[in-house]
Each structure stands twice: as structure tokens, then as C-alpha cells.
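Asker: I would like to see how this sequence folds:
(chains A and B)
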Amino acid sequence: MKITRILLFIGLIAVCSSFAGLDLFSDGYKVGDVATDFKLKNVDGSMVSLADYTDAKGFLVVFTCNTCPYAVAYEDRIIALHEKYKQKGVPVIAINPNNPKVQPMDSFEEMKKRAAEKGFSFPYLLDEGQQIFPQYGAKRTPHCFLLEKTDRGNVVRYIGAIDDNYQDASAVETTYVENAINAMLSGEEISVKNTKAIGCTIKV
Amino acid sequence: MKLIYQVWIMGLILLGSCALHAQVSGEVSGSSSTLEMEAAPRGMLTGEQVSIPVYDFEGLEGLLNRSDDKVYVVNFWATWCKPCVEELPYFEALHTKYATKDVEVVLVSLDFPSRAEKVLIPFVEKRGLKSTVLLLDDPKQNTWIPRVSPSWSGAIPATVIFSRDKREFYEKSFTFKELETAVTSFMN
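Answerer: Predicted coordinates:
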């Protein structure tokens, strides 16, 4: 009898903790957390990790894709961010989190085409097996995570949108990501660390 | 043998508690009326068959905070959002089935305003959407997304269901059954 009770008890704990585990998992990173590195396939066929960038001071990891109109609306601004900040040690690392089986236009082949069309000069990686985006807690495309390289790892400094106007780049009032990178590079406190924006759900 | 029984009983208890959560009932009688907004729209998109009012968030916010006898189902969607389009028929079915029961379905489109006339109007006309459709044109998303729900990441589809004393936010896709279950839980 005792054994059965103990077994039931263990079973209940297992059930409860699995729910709690799911919750923790879906939350992803918060500002201040250390972000995981990865090894993902780039459109040029190479494998890319954050650790490859020995001289980088940080990274702008952008979860984005070919198909989401919001992601497309931000493509040129993502290119501009990379051009502006790669010399300063903060390159863009773009990751497509979508499952190509659910969204065929986000397949690796289509990513290659899009990267060539737009002349992406940053890595455009496929989150093959969709292991990375849930750890970051990316919820939509586009979704940015600004990381700072520190002694304890790549620390998340900003999570959210690129700026405050998806419709019109010329009508932007606050450049959230640029402000965050500038503050990070000059060792100042980032004033806005989290922002929200409309985006497409990640296709799983 | 005893072990097997105990496991069975435990399983039944777990199932029972889940079912309790899901079980909802109740009907409310009343009359339906057309949706009147507190604020005037800042613009109007006009097609051959339909007109779609355009609001900024300030204009929409009054609707999101109504406290009358109705249950409001406010769905944020866009024509380019595949999972949104897939669940639209369920919102339409809900509108049809519960229109006489004081349930108001509002479809808030987040289509790009610059393309709304070309894309949204024909879409609404072709599908013959019966629910209220309006266009939210407000680029300051970081300001208004948390005012819809602090838990909203910004991904669509997203839906708010509320009555006078209850409010739930859902960042998910619905089946009709899920939607109906959710809505009827507000009708008591």
C-alpha cells in the first residue's frame, strides 16, 4: 500500500511539474538573462554560431522570415542596422524560426532566394528543428533580442520591436533598437528595454 | 490489482477536474443591435458593397471597455495572417448563432492601411463577412498593445472576450468549439 501511495504521489508531482515546465519554457528570456549560443545553417551553406564572432561586442538577433508582411516591411531597416553597427561590433544575426513544412515559402531554398534578392550581408539562419526560438522566447516575426557579450556570456539587453512605426520608416519617432545599441556601447543604462509590436505568429 | 484501481481512480479524478474547467452552460436572451462606437471613425474605406470604418486606438478603446449587458468578442486579425483567416469562419458562425443572444463579434483588421482598400475591402466583400469589421490604423503599437492586454506579445491572431464583469485575453487560434465554449462561459 505504502509503495502504491508513494508511486501515485510521484506521478502527481510529475504531472504538476510538467505543466510548470511548459510555462517556464514558453516565457523565454528576460532582459538580464544569458542567451544560449547555437549552431545553425546559414543561407551560404556555412554553420554559424555566436562564438564565431570573436571581435563582436554584442549581437542583434532578429527572428524574422520571408513571408510575414511585418517582417518584409522591416527588411530594409534590418539591413541598415547591420550596415551601421557591424563596424561597431554589433552585427545582425537573422534567424527564421518558422517550420517550412507549415509555411513552405519559408523553406531554406526560399530563404536563399530572399537573401540574394535583398542582398542580405548578415547571416540568415534556419532554426532547423525549431530548438532555438522557444529558448529565446520569440513569439512573432520580427522579434529582436539585443545581446551584449560579457564574461558570463551573451546577456540579453533589449527585447522587442525595431522602432515605433512599422508602416513608414520615415515617420519613426523612436528607434528602440538603435537607442538600445547606442546605450549599450557607451555603457549607459538602456532606457526602454522591452517593447511590443504586431507580428506574425511563429509557424510550428 | 489495488495499484491498478488506484491509478484508475486518480486518472478519473484528474479527468473530472479537467471537465469541470471546460464545462460551461447558460443562455441569455436579449435583442441584438448594430454596433455603435463611442468615437467617430477617423476615416472610412468604401467599396461597392461594404464600408469599413478606420480607427486609431483611442477610438477603439471605448469599445474595449464597454460595460453593458453584452458579451463582446474582439478579434485582431489581418488578411495576410494565415491562421487568422483560417479561424474567421468560426467567428462568423459565432456571430450568426449568438447574434440574438447579446454576443457582439468585432473583427479588428490590422491590415496595412496603405493596402486596405485594395486588399481588405475585396476580401470582406468576397467572403461576405457579416460581423462588424473595422480597421485599426495606429502605428504606435508599443503604446496600445499592452492596453489591449499586458500579456499580449503582439502576435496575431489574438482575441479579447469580455462582459461587464469578466475579461479574458487569448493569444491563440480557436476552433469553433473552443470559441463557443469560451464565449458561453461569459453568459451567465
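
Asker: rest of the way, CA atoms for contacts and neighbours
Answerer: Noted.

Asker: Let me see the domain layout of chain A.
Answerer: A:1-28, A:31-201 (automatic domain parsing).

Asker: what bits of chain A have low per-residue confidence?
Answerer: The model of chain A has pLDDT under 70 over residues A:1-26.

Asker: so who does the one residue in it that gets nearest to chain B touch?
Answerer: With Cα to the nearest Cα, the shortest gap between chain A and chain B falls at residue A:198, namely 4.2 Å. The contact partners of residue A:198, by Cα atoms under 8 Å, 6 or more residues apart in numbering or on different chains, come to A:70, A:140, B:141, B:145, B:153-156.

Asker: let's see it at 10 Å
Answerer: A:70, A:140-143, A:161, A:166, B:76, B:110, B:139, B:141-142, B:145, B:152-157 (Cα atoms under 10 Å, 6 or more residues apart in numbering or on different chains).

Asker: before we move on, what about residue A:74?
Answerer: A:64, A:80, A:142, A:161-163, A:165-169.

Asker: Next, it: secondary structure please.
Answerer: helix (DSSP: H, G, I helix; E, B strand; the rest coil).

Asker: and it, how far is that from residue B:131?
Answerer: 32 Å (Cα to Cα, to the nearest Å).

Asker: does chain B sit close to the helix or strand where residue A:94 lies?
Answerer: Using DSSP states H and E, residue A:94 maps to strand A:92-96. No. Using Cα under 10 Å from any Cα of the partner chain, strand A:92-96 stays clear of chain B, coming no nearer than 15.6 Å.

Asker: Which other helices and strands does that strand contact?
Answerer: strand A:40-42, strand A:58-63, helix A:69-85, strand A:124-126, helix A:132-136, strand A:143-150 (3 or more Cα pairs under 10 Å, 6 or more residues apart in numbering or on different chains; DSSP states H and E).

Asker: Adding distance to residue B:66, write those out as a markdown table.
Answerer: Shown next, in a markdown table, are the helices and strands packed on strand A:92-96 (distance: least, Cα to Cα, whole Å):
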| stretch | distance to residue B:66 |
| --- | --- |
| strand A:40-42 | 48 |
| strand A:58-63 | 36 |
| helix A:69-85 | 30 |
| strand A:124-126 | 44 |
| helix A:132-136 | 36 |
| strand A:143-150 | 32 |
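
Asker: Please identify the deepest-packed of those.
Answerer: Stretch with highest mean neighbour count among those: strand A:124-126 (a mean of 27; mean count of other Cα atoms under 10 Å in any protein chain shown).

Asker: Paired strands for that one, with orientation please.
Answerer: The strands beside strand A:124-126 in its sheet (DSSP bridges) come out as strand A:40-42 (antiparallel), strand A:92-96 (parallel).

Asker: hmm, who's touching the shortest one?
Answerer: Spelled out, that is strand A:40-42. By Cα under 10 Å, 6+ apart, strand A:40-42 touches A:46-50, A:93-95, A:108, A:111-112, A:122-128, A:132.

Asker: Which PyMOL command selects the buried ones in these?
Answerer: Selection of buried members from the contacts of strand A:40-42 for PyMOL, criterion 16 or more other Cα atoms under 10 Å in any protein chain shown:
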select buried, chain A and resi 48+50+93+94+95+108+111+112+122+123+124+125+126+127+128+132
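
Asker: any chance you could map the strands in chain B?
Answerer: B:43-46, B:51-55, B:71-77, B:103-109, B:132-136, B:155-156, B:158-162, B:167-170 (DSSP state E).

Asker: partners of the fifth one in the sheet?
Answerer: Looking back up the chat, that one is strand B:132-136. Partners of strand B:132-136 in its sheet, by DSSP bridges: strand B:51-55 (parallel), strand B:103-109 (parallel).

Asker: Tell me which of those is the most buried.
Answerer: strand B:103-109 (a mean of 24).

Asker: the inter-axis angle of it versus strand B:158-162?
Answerer: Note on geometry: by axes from the mean of the first three to the mean of the last three Cα atoms, to 10 degrees, strand B:103-109 and strand B:158-162 are set 150 degrees apart in direction.

Asker: to the chain's geometric centre, what's the distance from strand B:103-109?
Answerer: What separates the centre of strand B:103-109 from the centre of its chain is 6 Å, taken as Cα atoms, centre = their mean, to the nearest Å.

Asker: and the angle for that strand with strand B:71-77?
Answerer: Using the same axes, to 10 degrees: strand B:103-109 against strand B:71-77 is 20 degrees.

Asker: Can you dump the C-alpha atoms of strand B:103-109 in PDB for me?
Answerer: C-alpha atoms of strand B:103-109 as PDB (Å, rounded to 0.1, in the frame of the first residue of the first chain):
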ATOM      1  CA  VAL B 103     -23.000  38.500 -28.300                       C
ATOM      2  CA  GLU B 104     -21.200  41.100 -30.400                       C
ATOM      3  CA  VAL B 105     -18.400  40.000 -32.700                       C
ATOM      4  CA  VAL B 106     -15.900  42.700 -33.900                       C
ATOM      5  CA  LEU B 107     -13.200  41.900 -36.300                       C
ATOM      6  CA  VAL B 108     -10.400  44.400 -35.900                       C
ATOM      7  CA  SER B 109      -8.200  44.300 -39.000                       C
END
